[in-house]
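> no sequence on this one, just coordinates:
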């Protein structure tokens, strides 16, 4: 299941990325042929995840989110990359594989996700941008809860 | 004396001709199926040449890793699953039509698919696992258990006294409506993501094909086919009418229960893997019947070949129509299959059922 032009697909475009699934998925969601991932050979792979223990206990989800266990999330992300569709893909070889909290899609803080996507996609261009600092400051200035890291992990 | 021999020779000759013709049709269907699978395996967004694909198939170890994965782990399981699922659903539909003496009977009209969809949605929307031990297979296992529960309900009710084939079909239709309502209720409460997962599931898809699923569906087929083949004559006789079959010594009731059980298994397993792929269970058997007649010796393999061929050809289309993405296969089976099916029924002069 992948995003077309909507949801995280739109956030990737905002961050200056090119969503490999966009040409193939007419709506918000769709299924990309597994083989297309090999054919498109993307530079970056970004998956969304969250702690879905309540829905799929022990499932293949990457449990990123506030206060997540990053080591475990990274191990699960690594395991996902073992799937046939990712064999020999540029992004996997280079370790440009990331997971981000899925709930950003439906949150006023989605701009933080866009910042994070932008720094993954164009690290030189956004060298001065720190999404983590943004989110931390947001918590300190406006929110009654403390900031807990763990909203994203990368394999590199 | 001479007139008697010529009288018996003519029908014998005609019968031999008929058998030869039917064997020829079966062979033709088999050839078409092989061709369709070959096209299915050589087609895909990673544009490899036919020669490269062939080389990878023959000697996988020599091929480039990506090509080997594409051909052996992505394309082949999908192509093979189309064959096993098509054959299973079509065989299930064929024997349902036979034992229920109704041309509309199929895994769908009896509520098995609706039950499977509901089971899958339970997993996708509420995260309810009916069999908590195998959590990674929660969706297919839920679907399978629900479909089997629906089948066993029908099975149980049909053992009651005075239950006729019409009653079984009406019960099936009642199940379709109940499970569809329950599914709609789940969808009403589902999150955006879960809702689209459910919708995609109910459209049917071969994209989650793995060799494991191919093996499971193949084993179920391999178990059921000999059991049906052993009963071929009895099942042919039942199409002459229950009373006549009973007069010939066919244990109609027992045969119907046995067949109903096998059919449930044949339908529930593939549906739980690929979701709702409508139409094959109805059309496969009808195509076979139009081409080959009711004789189970030909009808049984014919229905399996026809179903496998339809689904395999559809799999090719689903990749060709929307390159890169995979158009849910359930959409195409009906859209492309129905006009073909209508043409077949209308052009065939004699009564089809």
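Looks like it came in fine. What you are looking at is a predicted structure, and each value in this text was computed from that prediction instead of being measured.
> what residues does chain B have near chain A?
B:44-47, B:65-66, B:69-70, B:73-75, B:123, B:126-127, B:129, B:132, B:135-136, B:138, B:192-193, B:196-197, B:200, B:205, B:207, B:319, B:322-326, B:328 (Cβ under 8 Å from any Cβ of the partner chain). (Each C-beta comes from the backbone N, C-alpha and C, glycine too.)
> which parts of chain A are strands?
Taking DSSP state E, the strands of chain A run over residues A:2-3, A:29-30, A:45-49, A:97-101, A:152-154.
> tell me how many other residues crowd residue B:330.
By other Cβ atoms under 10 Å in any protein chain shown, the residues close to residue B:330 number 24.
> what about the nearest residue to it once chain neighbours are set aside, neighbour count?
Leaving aside its chain neighbours, residue B:330 sits nearest to residue B:204 (3.1 Å; criterion: Cβ to Cβ, 6 or more residues apart in numbering or on different chains). Using other Cβ under 10 Å as the criterion, residue B:204 is surrounded by 27 other residues.
> right, and residue B:238 touches residue B:245 too?
Yes: using Cβ atoms under 8 Å, residue B:238 is in contact with residue B:245, at 4.5 Å.
> any shared contact partners between these two?
Common neighbours of residue B:238 and residue B:245, counting by Cβ atoms under 8 Å, 6 or more residues apart in numbering or on different chains, are residue B:252.
> between those two, which has more neighbouring residues?
residue B:238 (25 against 19).
> can you map out the helices along chain A?
A:8-14, A:34-40, A:70-80, A:90-94, A:110-121, A:131-142 (DSSP state H).
> of all these, which one is nearest chain B?
Distance to chain B, taken as Cβ to the nearest Cβ, is lowest for helix A:34-40 among these, at 4.0 Å.
> for the closest one, what is the average pLDDT?
The average pLDDT for helix A:34-40 rounds to 89.
> could you do stretch A:53-63 as well?
Rounded mean pLDDT across stretch A:53-63 is 78.
> ok, stretch A:75-91 next?
When pLDDT is averaged over stretch A:75-91, the result is 91.
> re the thing from before, in PyMOL, select just the buried ones from the residues of chain B next to chain A.
In PyMOL, a selection of the buried entries from those looks like this (16 or more other Cβ atoms under 10 Å in any protein chain shown):
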select buried, chain B and resi 44+45+46+66+69+70+73+74+75+123+127+129+135+138+193+196+197+200+205+207+319+322+323+324+325+326+328
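> isn't residue B:276 right up against residue B:199?
No: counting by Cβ under 8 Å, residue B:276 does not reach residue B:199; the two are 10.8 Å apart.
> burial count for residue B:347?
Considering only other Cβ under 10 Å, residue B:347 is surrounded by 8 other residues.
> which residue, neighbours along the chain excluded, lies closest to residue B:134?
In space, residue B:134 is closest to residue B:141, 5.9 Å off (Cβ to Cβ, 6+ apart).
> with residue B:78 instead?
Per Cβ to Cβ, 6+ apart, closest to residue B:78 is residue B:209, 4.4 Å.
> tell me the contacts of the one you found?
Here residue B:209 is in contact with B:77-78, B:80-81, B:273-274 (Cβ under 8 Å, 6+ apart).
> show me those residues that map onto helices.
B:77-78, B:80-81, B:273-274.
> using the three-state scheme, assign the residue of the stretch 151-300 of chain B found nearest chain A.
Per Cβ to the nearest Cβ, residue B:196 is where the stretch 151-300 of chain B lies closest to chain A, at 4.4 Å. Of the three states, residue B:196 takes helix under DSSP: H, G, I helix; E, B strand; the rest coil.
> so who does it touch?
For residue B:196, counting by Cβ under 8 Å, 6+ apart, the contacting residues are A:1, A:28-29.
> for residue A:133, same thing?
Residue A:133 sits in contact with no residue, where contact means Cβ under 8 Å, 6+ apart.
> quick check: residue B:60 touching residue B:69?
No: taking contacts as Cβ under 8 Å, residue B:60 lies outside contact range of residue B:69: 9.8 Å.
> which one's more surrounded, residue B:276 and residue B:199?
residue B:276 (24 against 14).
> name the helix or strand for the more buried one, please.
Assigned by DSSP states H and E, residue B:276 belongs to neither a helix nor a strand.
> now it. Its backbone dihedrals?
The phi/psi pair for residue B:276 (degrees, to the nearest 10) reads phi -80, psi 110.
> before we move on, what about residue B:325?
Torsion angles, degrees, to the nearest 10, at residue B:325: phi -90, psi 180.
> same thing with the one 3 residues further on?
Note on residue B:328: backbone dihedrals following degrees, to the nearest 10 are phi -50, psi 130.
> confirm for me that it is in contact with residue B:200.
Yes: applying Cβ under 8 Å, one finds residue B:328 in contact with residue B:200, separated by 6.4 Å.
> give me the common contacts of these two.
residue A:31.
> most packed of the strands of chain A?
Across the strands of chain A, the average number of neighbours (mean count of other Cβ atoms under 10 Å in any protein chain shown) peaks for strand A:97-101, which reaches a mean of 25.
> helices or strands up against that strand?
Packing partners of strand A:97-101 (3 or more Cβ pairs under 8 Å, 6 or more residues apart in numbering or on different chains; DSSP states H and E): strand A:45-49, helix A:70-80, helix A:110-121, strand A:152-154.
> let me know the angle separating it from helix A:131-142.
Here strand A:97-101 points in a direction 10 degrees away from that of helix A:131-142 (axes from the mean of the first three to the mean of the last three Cα atoms, to 10 degrees).
> who's in contact with strand A:97-101?
A:44-50, A:62, A:64-66, A:73, A:77, A:81, A:91, A:113, A:116-117, A:120, A:151-156.
> likewise for stretch B:242-260?
By Cβ under 8 Å, 6+ apart, stretch B:242-260 touches B:95-96, B:98-101, B:151, B:154-155, B:158-159, B:165, B:227-228, B:231, B:234-235, B:237-238.
> any figure for the gap between the residue of the stretch 151-300 of chain B closest to chain A and residue B:183?
14 Å (Cβ to Cβ, to the nearest Å).
> chain center to stretch B:87-96, what's the gap?
5 Å (Cα atoms, centre = their mean, to the nearest Å).
> make that stretch A:22-36, sorry
17 Å.
> now that stretch: buried residues?
A:22-25, A:28-36.
> quick revisit: tell me the SS of the residue nearest to residue B:78?
coil.
> over to the one 4 residues further on?
The local conformation at residue B:213, judged by three-state DSSP, is helix.
> spatially, what comes nearest to it if we skip its sequence neighbours?
Closest to residue B:213 by Cβ to Cβ, 6+ apart is residue B:273, at 4.8 Å.
> who's in contact with the one you found?
Counted by Cβ under 8 Å, 6+ apart, residue B:273 has contacts B:81, B:85, B:140, B:208-209, B:213, B:216-217.
> quick check, nearest of the ones in helices among the contacts of residue B:209 to residue B:284?
residue B:274 (14.8 Å; Cβ to Cβ).
> touching, that closest one and residue B:203? I think so.
No: using Cβ under 8 Å, residue B:274 is not in contact with residue B:203; the gap is 10.3 Å.
> compare the two (neighbour count), which wins?
Set residue B:274 next to residue B:203 and count neighbours by other Cβ under 10 Å: residue B:274 wins out with 28 against 18.
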